[in-house]
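Asks: below is the sequence, then the predicted model.
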Amino acid sequence: MRVGVITFPGTLDDVDAARAVRYAGGEAVSLWHADHDLKGVDAVIVPGGFSYGDYLRCGAIARFAPVMQEVVEAANKGMPVLGICNGFQILCEAHLLPGALVRNSKLHFVCRDQWLRVENNETAWTTRYDRGAEILVPLKSGEGGYQADQRTLDELEGEGRVVYRYVGEDPNGSRNGIAGITSANGRVVGLMPHPEHAIDALTGPTDDGLGMFLSLVDSVVKA
Amino acid sequence: MARVVVDVMPKPEILDPQGQAVANALPRLGFDGITTVRQGKHFELEVADDVDDATLAKIAETFLANPVIEDWVVRRVEA
């Protein structure tokens, strides 16, 4: 089970994402933004950070990186892809996921441990969770407000494609309290909070995030 | 060479917290009578003469703006 972890200039969380893959029993493979090469991996994680300094818009420049062209092509063939935080923003800019992330409604950068409710446990990345379970993982973002037009929101809600919702007060003005969504085929998932920072109680608030990486390893072993 | 201006604004239905923050600051600073502020981006491009309008529209639509959340306008101006 080889899982690619992309590094762009300005990526911060590639090391933790790779560590989460290893904790789950997978092999983490470093992918470089400038390469047209996925090195034969079975899945890809687009990690958090500030790719290209978040210039223009978060994810707007990363979307055009050579490695992202390969990710889009592979995702369209069904490869599991996970975008965390800046990675979620990049997947939206790349049109692998609908909608966009905008400045937090209260303008402040939010950095805290955040409860999420699992709304969909049938994606490639969430089968280890019970539907309705609540997990505690870090949230750290300044532009985490999920926005989409009403038709898109209705589609996401109607098809059960909201994967995570914020529990309690909405931290960033996301519509319908959406913290994470999935593609129509359940293979591509994006979320603003950081499961890769919550895989071991020694270094995170919980190990609740590890389930995402275990789910992925399960899905590929089964397939 | 021609000068081209691209203005990118958040769509009316998208919350614009930065514009709201500016609007809220104005009365505190003693400026009254301003009811709404929307904040966007303004790009100035120096463009070779053989770049056509369709290309400029594509630049705005696919790169300078995100049409999910933003509207854009391209116009050629006197340099």
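Replies: Sure, I can see it. Residues are numbered from 1 along each chain as shown, chains lettered A, B, ... in the order given.
Asks: get me the contact residues on chain A for chain B.
Replies: Selection of chain A residues close to chain B by C-beta under 8 Å from any C-beta of the partner chain yields A:56-57, A:60, A:64, A:92-93, A:98-100, A:102-107, A:145, A:147-149, A:173. The way it works is simple: take the backbone N, C-alpha and C, and place the C-beta from them, glycine included.
Asks: can you tell me which of those are buried?
Replies: Among those, those scoring as buried are A:56-57, A:60, A:92-93, A:98-100, A:102-105, A:145, A:147-149, A:173 (criterion: 16 or more other C-beta atoms under 10 Å in any protein chain shown).
Asks: for A:A184, give me its contacts.
Replies: For A:A184, the contact set (C-beta atoms under 8 Å, 6 or more residues apart in numbering or on different chains) comprises A:E159, A:R161.
Asks: and the contacts of stretch B:16-27?
Replies: Contacts for stretch B:16-27 (C-beta under 8 Å, 6+ apart): A:103-107, A:173, B:10, B:32, B:34-39.
Asks: do that again at 7 Å, thanks
Replies: Stretch B:16-27 is contacted from outside by A:R103, A:S105, A:L107, B:P10, B:I34, B:T36, B:V37, B:R38, B:Q39, using C-beta atoms under 7 Å, 6 or more residues apart in numbering or on different chains.
Asks: in the chain, which helix is the longest?
Replies: Using chain A here. helix A:210-222 (DSSP state H).
Asks: sorry, I should have been clearer: chain B.
Replies: helix B:17-28.
Asks: burial of A:R151, as a residue count?
Replies: 9 (other C-beta atoms under 10 Å in any protein chain shown).
Asks: would you mind listing the buried residues in the strand or helix carrying it?
Replies: A:R151 is part of helix A:150-158 when elements are defined by DSSP states H and E. Buried residues in helix A:150-158, counted by 16+ other C-beta under 10 Å: A:T152, A:L153, A:L156.
Asks: how much space between A:D113 and chain B?
Replies: Distance of A:D113 to chain B, given as C-beta to the nearest C-beta, to the nearest Å: 23 Å.
Asks: quick one: that residue is in a strand?
Replies: Yes - looking at A:D113 with DSSP: H, G, I helix; E, B strand; the rest coil, it is inside a strand.
Asks: quick one, what contacts the spatially closest residue to it that is not a sequence neighbour?
Replies: In space, A:D113 comes closest to A:P205 once its chain neighbours are excluded; the distance is 4.3 Å by C-beta to C-beta, 6 or more residues apart in numbering or on different chains. A:P205 sits next to A:D113, A:L136, A:P138, A:A198 when contact means C-beta under 7 Å, 6+ apart.
Asks: same thing but 8 Å
Replies: Counting by C-beta under 8 Å, 6+ apart, A:P205 makes contact with A:D113, A:L136, A:V137, A:P138, A:A198.
Asks: check which helix or strand it maps to.
Replies: Going by DSSP H and E, A:P205 is not in any helix or strand.
Asks: residues near the nearest residue to B:M1 once chain neighbours are set aside, how many?
Replies: Spatially, and ignoring its direct neighbours in sequence, B:M1 is nearest to B:E46 (5.4 Å; C-beta to C-beta, 6+ apart). B:E46 has 9 neighbours, counted by other C-beta under 10 Å.
Asks: which residues touch B:E46?
Replies: B:M1, B:A2, B:R3, B:V4, B:A79.
Asks: A:L214 now?
Replies: So A:L214 contacts A:A24, A:G25, A:R128 (C-beta under 8 Å, 6+ apart).
Asks: now do the SS call for the nearest residue to B:F43 once chain neighbours are set aside.
Replies: Nearest non-adjacent residue to B:F43, counting by C-beta to C-beta, 6+ apart: B:V6, 4.2 Å away. Put simply, B:V6 is strand when judged by three-state DSSP.
Asks: pretty sure B:V6 contacts B:V73?
Replies: Yes - counting by C-beta atoms under 8 Å, B:V73 is a contact partner of B:V6 at 7.1 Å.
Asks: tell me which of the two has more neighbours.
Replies: B:V6 (20 against 12).
Asks: quick one: contacts for the more buried one?
Replies: B:V6 neighbours (C-beta under 8 Å, 6+ apart): B:H42, B:F43, B:L45, B:L56, B:I59, B:A60, B:L64, B:A65, B:W72, B:V73, B:V74.
Asks: which of these fall in strands?
Replies: The strands, defined by DSSP state E, take in B:H42, B:F43, B:L45, B:W72, B:V73, B:V74 from the contacts of B:V6.
Asks: and those residues, which is closest to A:L216?
Replies: Among the ones in strands among the contacts of B:V6, B:W72 lies closest to A:L216 (C-beta to C-beta), at 37.6 Å.
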